[in-house]
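1. show me how the following folds:
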Amino acid sequence: MGNAGGAGGPDLTQGVALSEIPDGGVLAGHVGEEAVLLYRSGGEVSAVGGTCTHYGGPLVEGVLEGDRVVCPWHHACFSLRTGEALRAPALNPLPRWAVVREGERGERGERVRVTEKQESEPYAPRQTAPAGAPGRLVIVGFGAAGASAVEWLLRQGWGGRIDVVEPDRDAPYDRPNLSKDYLAGNAPEEWIPLRPPGWYEEHGVVLHRTSAGALDARRRMLTLGNGGELAYDALLLATGASPVRIPLPGEGPTGRPVLYLRSLADSRAIIRAAEGKRKAVVIGASFIGLEVAASLRARGLEVDVVAPEAVPFERVLGGELGETIRALHEEHGVRFHLGRTAQRLERESVVLDDGSELGAQLVVVGVGVRPVLDLAQSAGLATDRGVLVDERLRTSAPGIWAAGDIARYPDPATGERIRVEHWVVAQRQGAAAAADMIGRGAAFRDVPFFWSQHYDVPINYVGHAEGWEEAKVEGDPAARDCAVAYRKAGRTLAVATIYRDRESIEAEQRLGAAATR
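-> Coordinates of the predicted model:
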């Protein structure tokens, strides 16, 4: 894609020869301090921002998909013609610049120069809903899936009513950051909300800051926790997941507080509890558990991690990559107590099953989550370790869709039903469900993707491999440079990478192509 990162390359306001821009490719340059990509298709040239609007990834290091570019960090996708954000996790479009052509016609003499900036408007004007379209959409849950559904509808200029039911007054926010930079103290709270206060209301969305009480699928009526009722034509269930809680003797109102992390309020509570403390115990070596451990180390606390497995993430990532992550945390001072469980809490300690005692002024539990299914089950929807949906994310009840952590959907790669607890998957499912709710949908076939950050080491994972026979390692995990392919019956189901961003995107593309064959 070019050899410039950040705001390097030529000054595009001074112009470049048309021949310097590869046909069907990009030239990376800059306008002032802003990175800009020039894209050429035949005689057409466009200029868009070169920095991902999600977390600021350098798009010049990404991968082209025709007239699109995929961010190397978290696989957001943008149009190189218009700057439009086409795929989560990005919400906002890239900025655009006007392009003028100067000099002799023909590749040899013609030059291309970038002029004034043209900020992209992400949302089309609101339109009247077409005849026969659902007039009233209700979305239950305002996490990744629910917020993404709303964003997609607004980008389309949807003119019907949109009601959102969500008791968390902070939602929607950037949940992945709660266990990473925000908890570590490296990201201010103003970065966490997805949109400013009042933004959704300004765009015509009706927010109900209450819980959902009951769902009557036959009458198409949702009863709210505050006693109100909402009639709907189409409803999206996006109730997400809640942390698995473990009973610990010594915990409770008269004993030690134990903290869990799911919401912004939870993250704030951990930050407050960490102030002035020296020792913390994290129970659980899950992704959340170890990200919390890394964040607490960044705040200067001593951290012990207790978990029953012999190697962190061995079931998901394999032994070699699991040992690499363990070693990384140990390099940063985390102490592991593997093959152990917590038995009880004392006033200043956690007692393990072997009788040993760990000093603990702060206790955080991260042992996984479970889908919130109460509303779906009370409405009589088909469930099996999640809400059962078809390839269009439709539930067993007409007029109801489900997306995100609760949706158990057919995997395009294997045909098996899977439920995926990843932020980006929930976002993409929310958009796909919204499209189908208004008659513009298609089968959901996106390849699952997630990332996890441990100190300065990112792990990207594409695909889905609940059970695999071989973890084929290429490179050196200990050197933080590897790709691991998870294979079963000779077929690659998923790929994890460390500092191999291009390979991660290419693996996602291959897995997607294989699933359509």
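2. pull stretch 133-141 out as PDB, backbone CA atoms only.
-> In PDB, the C-alpha atoms belonging to stretch 133-141 read as follows (Å, rounded to 0.1, in the frame of the first residue of the first chain):
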ATOM      1  CA  ALA A 133     -41.800  -1.200   6.400                       C
ATOM      2  CA  PRO A 134     -42.000  -1.600  10.100                       C
ATOM      3  CA  GLY A 135     -43.000   1.800  11.600                       C
ATOM      4  CA  ARG A 136     -41.700   1.200  15.100                       C
ATOM      5  CA  LEU A 137     -38.500  -0.500  16.000                       C
ATOM      6  CA  VAL A 138     -37.600  -1.400  19.600                       C
ATOM      7  CA  ILE A 139     -34.100  -2.300  20.700                       C
ATOM      8  CA  VAL A 140     -33.600  -3.900  24.100                       C
ATOM      9  CA  GLY A 141     -30.100  -3.400  25.300                       C
END
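3. touching, Asp23 and Ser41? I think so.
-> Yes: using C-beta atoms under 8 Å, Asp23 is in contact with Ser41, at 7.1 Å. (C-beta placed from N, C-alpha, C; glycine too.)
4. so these two - more neighbours on which side?
-> Ser41 (15 against 11; other C-beta atoms under 10 Å).
5. and the closest residue to Gly42 other than its chain neighbours, what are its phi and psi?
-> Using C-beta to C-beta, 6 or more residues apart in numbering and skipping residues adjacent in sequence, the residue nearest Gly42 is Asp23, 6.6 Å away. Note on Asp23: backbone dihedrals following degrees, to the nearest 10 are phi -70, psi 120.
6. separation between Asp23 and Arg40?
-> 6 Å (C-beta to C-beta, to the nearest Å).
7. quick one on the thing from earlier: need the contact list for the residue nearest to Gly42.
-> 40-42 (C-beta atoms under 8 Å, 6 or more residues apart in numbering).
8. for it, give me the pLDDT.
-> Asp23 carries a pLDDT score of 95 in this model.
9. one step back: would you format the contacts of Asp23 as a markdown table with secondary structure, pLDDT and distance to Pro176 included?
-> A markdown table is the format used below for those (DSSP: H, G, I helix; E, B strand; the rest coil; pLDDT from 0 to 100; distance: C-beta to C-beta, whole Å):
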| residue | secondary structure | pLDDT | distance to Pro176 |
| --- | --- | --- | --- |
| Arg40 | strand | 96 | 35 |
| Ser41 | strand | 94 | 34 |
| Gly42 | coil | 88 | 39 |
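10. which one of those is nearest Leu86?
-> Of all those, Ser41 has the smallest distance to Leu86: 16.4 Å, by C-beta to C-beta.
11. my read: that closest one touches Asp67, true?
-> Yes: between Ser41 and Asp67 there is a contact at 6.3 Å, judged by C-beta under 8 Å.
12. where do the contact lists of those two overlap?
-> Counting by C-beta under 8 Å, 6+ apart, the residues touching both Ser41 and Asp67 are Arg81.
13. which one is Cys77 nearest to, not counting chain neighbours?
-> Closest to Cys77 by C-beta to C-beta, 6+ apart is Arg87, at 3.7 Å.
14. so what's the residue count around that neighbour?
-> If we define neighbours as other C-beta under 10 Å, then Arg87 has 19 of them.
15. correct me if wrong: it contacts His75.
-> Yes: between Arg87 and His75 there is a contact under C-beta under 8 Å: 7.3 Å.
16. any buried residues in stretch 301-315, and which?
-> 301-307, 311-314 (16 or more other C-beta atoms under 10 Å).
17. touching, Gln429 and Gly404? I think so.
-> Yes: in this structure Gln429 lies within contact range of Gly404 using C-beta under 8 Å: 5.9 Å.
18. give me the common contacts of the two.
-> Common contact partners of Gln429 and Gly404 (C-beta under 8 Å, 6+ apart): Ala145.
19. three-state assignment of Ile288?
-> helix (DSSP: H, G, I helix; E, B strand; the rest coil).
20. how about it, nearest residue that isn't a chain neighbour?
-> Nearest to Ile288 is Gly366, by C-beta to C-beta, 6+ apart, at 4.1 Å.
21. likewise for Arg262?
-> In space, and not counting its chain neighbours, Arg262 is closest to Pro243: 5.2 Å by C-beta to C-beta, 6+ apart.
22. quick one: neighbours of that neighbour, just the number.
-> Using other C-beta under 10 Å, Pro243 is surrounded by 20 other residues.
23. what pairs with it across the strands?
-> Val369 (DSSP bridges).
24. tell me the contacts of it?
-> The neighbours of Pro243, taking C-beta under 8 Å, 6+ apart as the test, are 260-262, 365-369.
25. poorly predicted segments of the stretch 201-350 of the chain, please.
-> 254 (pLDDT under 70).
26. can you pull out the helices in it?
-> 264-274, 287-298, 314-317, 319-331 (DSSP state H, counting those that start in this stretch).
27. three-state assignment of Ser148?
-> helix.
28. let me know the pLDDT of it.
-> Confidence score, pLDDT, at Ser148: 98.
29. over to Met1?
-> Met1 is given a pLDDT of 52.
30. leaving out chain neighbours, which residue sits closest to Gln280?
-> Actually, residue 280 is Ala rather than Gln. Leu362 (4.1 Å).
31. again, but for Ile21
-> Per C-beta to C-beta, 6+ apart, closest to Ile21 is Arg40, 4.2 Å.
32. the stretch 401-517 of the chain: strands as residue ranges?
-> 407-410, 417-418, 449-454, 457-463, 470-476, 481-488, 491-498 (DSSP state E, counting those that start in this stretch).
33. burial check on Val369, number of neighbours?
-> Neighbour number of Val369 under other C-beta under 10 Å is 17.
34. thought it was touching Gly404?
-> No: counting by C-beta under 8 Å, Val369 stays clear of Gly404, with 11.5 Å between them.
35. thinking again about what came up before, partners of the residue nearest to Ile21 in the sheet?
-> Once the bridges are assigned, which here means DSSP bridges, Arg40 pairs with Val45.
36. identify the residues contacting it.
-> 18, 21-27 are the contacts of Arg40 under C-beta under 8 Å, 6+ apart.
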